[in-house]
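Peer 1: no sequence on this one, just coordinates:
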């Protein structure tokens, strides 16, 4: 399975697990302390085992591992076995949970996380319980499921991973997970801070099954005196509408958060309505008013929008807009804050109001929102409004900060240098100071071969307006380059775009006396037949003997081309007759400065080179038919990158 698909399935499985622990019913099964111990014991015994050891399917399996531990422990006996072991989709596992009536509570670390969880459950038959960990003073314990988000809230499917808590200390948890990256794909045990920013929250399996309602926590406002009147559903997961004033009665539909209705009869915490909109249509029935608010207090946001329509220019300030109103109860306080996309606070301000309205523009909150201090990126502007009677409303507005390209220019460089021709093994120190009117997002220094491949180089992200190339001088090791023709290039990217600041060709030269041995016949060398000295004498391969007939002088004649001269005759390696066709013979001949005697060295890797004549760069020096016998002819042949065309050039 491809990596992207694997991650998607993993997310779905994680969502399944979250939902399976959130669904609640009055007849929910009980999970005893002994069952929890059995659950964690199964996990501990699995440490070090692979997916194959546990008999799990071949895909992302951290969620499946939790299901495996449920089925193998007394938790499975309490809540029922997961009867669909494939359970690859959220709705599939949710159906199983609804049929077995298992229960649990998902304790999240922020209201932002709670709202994200809400978006994952439209249209399900039953709803679960979501609580704020801070409001409930929650602390994890053995048997809890720890839910992770490694990649950020980039989409509703951002529950990346799940583990089983096996130990809790003052500030840390120990958890066991399947498909562990640090465990190299095996079940592994880890320790981390129990409030790590990568933890969304914890799911606690219901310990006693004695739940007072099927939509929210039993530690709610039970016992509050209610009366007839107009109400609004005030729970992120909605409420069930039931046939009677108790969770023992069947649900006739689910009313989502914000739905209004009129109560004409009261029975304890329950109110009867003759008409309420549910997912199953307009119904009559009983609603638990603990999770609703009277409609006589309503907080509204008028013309409240993201700064500058959602796009802010970096370094510029903007005013808040709009007015906040409250009917039925005065506004007690307003908090405005700006967070990053992961809901981490950047700056915030709270004010006490005691008024029915609050104008945001040029207010205390307005002057506290210093948008001009924000770097380029994505952000959220969040409002939380509290009325005197406890009614709370929130509004979150997304916006981004971008560089204003209309006033930006490309980066420039001063004091730069570039390599000239270098001898093989010779070092070179790069210089140059890059300046930019906006922050440099990328600087790349590279040495590129003729085919565009980067041979050496480094890319950095300065996030500053200036950068000195000397900072990466030691990373650009020219002395490691083989002989050949290269391009030295420096590029810089800022808000205005990408600029090529340096772009210069240079040659790494190999000169002196050498032997040339084909990779196809490593015990042989390029050889002048019979060590003869005349024009037109054939060139062959022959067993290495260190004679003058096997020694050749490489002399650079410009642009990466060399003459190759025999020591025994002082004549040049020559393509016979200057013919540029594949299969033309190679000989020695008196130096004449023609293209048939000029050879380009191209790196073939691992110390080998292709030798290509200037008269036709599509040909290469080649051992005829790749034979290895003494006297095998050498010619030029169409480039095929075989070992018969790769030559080891070794200094004598």
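Peer 2: Great, that's in hand. Every value quoted in this text rests on a predicted model; they were computed, and no experiment measured them. Residues are numbered from 1 along each chain as shown.

Peer 1: helix, strand, or coil at residue 185?
Peer 2: Taking DSSP: H, G, I helix; E, B strand; the rest coil as the rule, one finds residue 185 in the coil state.

Peer 1: adjust the sequence numbering to begin at 814 for everything that follows.
Peer 2: All set: I'll call the first residue 814, so the last point we hit is now residue 998.

Peer 1: ok, it touching residue 861?
Peer 2: No. Residue 998 is not in contact with residue 861 according to Cβ atoms under 8 Å; the separation is 11.2 Å. (Each C-beta comes from the backbone N, C-alpha and C, glycine too.)

Peer 1: between the two, which one's more packed in?
Peer 2: Neighbours of residue 998 and residue 861, each counted by other Cβ atoms under 10 Å, are more numerous for residue 998; the result is 14 against 11.

Peer 1: the helix or strand where residue 876 lies - what's its average pLDDT?
Peer 2: Residue 876 belongs to helix 875-885 when assigned by DSSP states H and E. Predicted confidence along helix 875-885 averages 79 (mean pLDDT).

Peer 1: which secondary structure elements does it sit against?
Peer 2: Secondary-structure packing of helix 875-885 (3 or more Cβ pairs under 8 Å, 6 or more residues apart in numbering; DSSP states H and E): helix 816-835, helix 846-858, helix 887-892, strand 974-981.

Peer 1: so which residues of the stretch 1264-1413 of the chain form strands?
Peer 2: Using DSSP state E, counting those that start in this stretch, the strands of the stretch 1264-1413 of the chain run over residues 1267-1273, 1277-1281, 1297-1307, 1310-1322, 1325-1331, 1337-1341, 1352-1356, 1365-1371, 1374-1379, 1385-1388, 1399-1402, 1412-1418.

Peer 1: just tell me which of these ends up closest to residue 1445.
Peer 2: With Cβ to Cβ as the criterion, residue 1445 lies closest to strand 1352-1356 of the strands of the stretch 1264-1413 of the chain, at 5.1 Å.

Peer 1: just the buried positions in the closest one, please.
Peer 2: Neighbour counts using 16 or more other Cβ atoms under 10 Å place 1352-1355 of strand 1352-1356 among the buried residues.

Peer 1: what angle separates that strand from strand 1365-1371?
Peer 2: Relative orientation of strand 1352-1356 and strand 1365-1371, computed by axes from the mean of the first three to the mean of the last three Cα atoms, to 10 degrees: 140 degrees.

Peer 1: now for residue 1445: which residues touch it?
Peer 2: The neighbours of residue 1445, taking Cβ atoms under 8 Å, 6 or more residues apart in numbering as the test, are 1334, 1337, 1353-1354, 1436-1438.

Peer 1: can you list the domain ranges for this protein.
Peer 2: 816-1018, 1042-1107, 1111-1215, 1219-1322, 1325-1464 (automatic domain parsing).

Peer 1: kindly reformat the strands of the stretch 1264-1413 of the chain as a markdown table containing mean pLDDT and distance to residue 1140.
Peer 2: Rendered in a markdown table, the data for the strands of the stretch 1264-1413 of the chain read as follows (pLDDT from 0 to 100; distance: least, Cβ to Cβ, whole Å):
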| stretch | mean pLDDT | distance to residue 1140 |
| --- | --- | --- |
| strand 1267-1273 | 95 | 56 |
| strand 1277-1281 | 94 | 51 |
| strand 1297-1307 | 95 | 50 |
| strand 1310-1322 | 94 | 52 |
| strand 1325-1331 | 97 | 91 |
| strand 1337-1341 | 98 | 96 |
| strand 1352-1356 | 98 | 98 |
| strand 1365-1371 | 96 | 87 |
| strand 1374-1379 | 98 | 87 |
| strand 1385-1388 | 98 | 95 |
| strand 1399-1402 | 98 | 97 |
| strand 1412-1418 | 93 | 77 |
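
Peer 1: what's the closest of the ones you listed to residue 1172?
Peer 2: Nearest to residue 1172, of all the strands of the stretch 1264-1413 of the chain, is strand 1277-1281, at 38.1 Å by Cβ to Cβ.

Peer 1: any idea how far residue 1375 is from residue 1298?
Peer 2: Taking Cβ to Cβ, to the nearest Å as the criterion, residue 1375 is separated from residue 1298 by 12 Å.

Peer 1: common neighbours of those two, please.
Peer 2: residue 1413.

Peer 1: which one of those two has more residues nearby?
Peer 2: Higher neighbour count among residue 1375 and residue 1298: residue 1375, with 24 against 18, using other Cβ under 10 Å.

Peer 1: what sits against the more buried one?
Peer 2: Taking Cβ under 8 Å, 6+ apart, we find residue 1375 in contact with 1323-1324, 1367-1369, 1411-1414.

Peer 1: now with 10 Å, please.
Peer 2: The neighbours of residue 1375, taking Cβ atoms under 10 Å, 6 or more residues apart in numbering as the test, are 1296, 1322-1324, 1365-1369, 1386, 1410-1414, 1424, 1427.

Peer 1: now, of those, which are buried?
Peer 2: Of the members of these, the ones counted as buried by neighbours, 16+ other Cβ under 10 Å, are 1296, 1322-1323, 1365-1367, 1369, 1386, 1410-1414, 1424, 1427.

Peer 1: my guess is residue 1272 meets residue 1280, correct?
Peer 2: No. Residue 1272 is not in contact with residue 1280 according to Cβ atoms under 10 Å; the separation is 11.8 Å.

Peer 1: common neighbours of these two, please.
Peer 2: Overlap of the contact sets of residue 1272 and residue 1280 (by Cβ under 10 Å, 6+ apart) consists of residue 1256.

Peer 1: higher neighbour count, the two?
Peer 2: When neighbours are counted by other Cβ under 10 Å, residue 1280 comes out ahead of the other of residue 1272 and residue 1280, with 22 against 13.

Peer 1: I'd say the more buried one and residue 1227 touch.
Peer 2: No. At 11.9 Å, residue 1280 does not count as touching residue 1227 under the criterion of Cβ under 10 Å.

Peer 1: excluding covalently adjacent residues, which one is nearest to residue 1345?
Peer 2: Beyond its immediate neighbours in the sequence, the residue positioned closest to residue 1345 (Cβ to Cβ, 6 or more residues apart in numbering) is residue 1382, lying 7.2 Å away.

Peer 1: export the strands of the stretch 1264-1413 of the chain as a markdown table, with columns for distance to residue 987.
Peer 2: Converted to a markdown table, those look like this (distance: least, Cβ to Cβ, whole Å):
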| stretch | distance to residue 987 |
| --- | --- |
| strand 1267-1273 | 38 |
| strand 1277-1281 | 41 |
| strand 1297-1307 | 44 |
| strand 1310-1322 | 48 |
| strand 1325-1331 | 60 |
| strand 1337-1341 | 64 |
| strand 1352-1356 | 66 |
| strand 1365-1371 | 65 |
| strand 1374-1379 | 65 |
| strand 1385-1388 | 70 |
| strand 1399-1402 | 71 |
| strand 1412-1418 | 48 |
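
Peer 1: contacting residues for residue 990?
Peer 2: Taking Cβ under 10 Å, 6+ apart as the contact definition, residue 990 lies against 856, 860, 874-876, 878-879, 959, 961, 974-977, 996, 1000-1003.

Peer 1: how about 7 Å then?
Peer 2: Taking Cβ atoms under 7 Å, 6 or more residues apart in numbering as the definition of contact, the neighbours of residue 990 are 875, 878, 974-976, 1001.

Peer 1: which one of those residues sits closest to residue 1045?
Peer 2: With Cβ to Cβ as the yardstick, the closest approach to residue 1045 among the contacts of residue 990 comes from residue 975, at 34.1 Å.

Peer 1: per-residue pLDDT, that closest one?
Peer 2: As summarised for this prediction, residue 975 has a pLDDT of 78.

Peer 1: burial check on the closest residue to residue 1341 other than its chain neighbours, number of neighbours?
Peer 2: Counting by Cβ to Cβ, 6+ apart, residue 1362 is the residue found nearest to residue 1341 once chain neighbours are left out, at 4.3 Å. Residue neighbour count, defined by other Cβ under 10 Å, stands at 25 for residue 1362.

Peer 1: neighbours of residue 1186, how many?
Peer 2: Around residue 1186 there are 13 other residues, counting by other Cβ under 10 Å.
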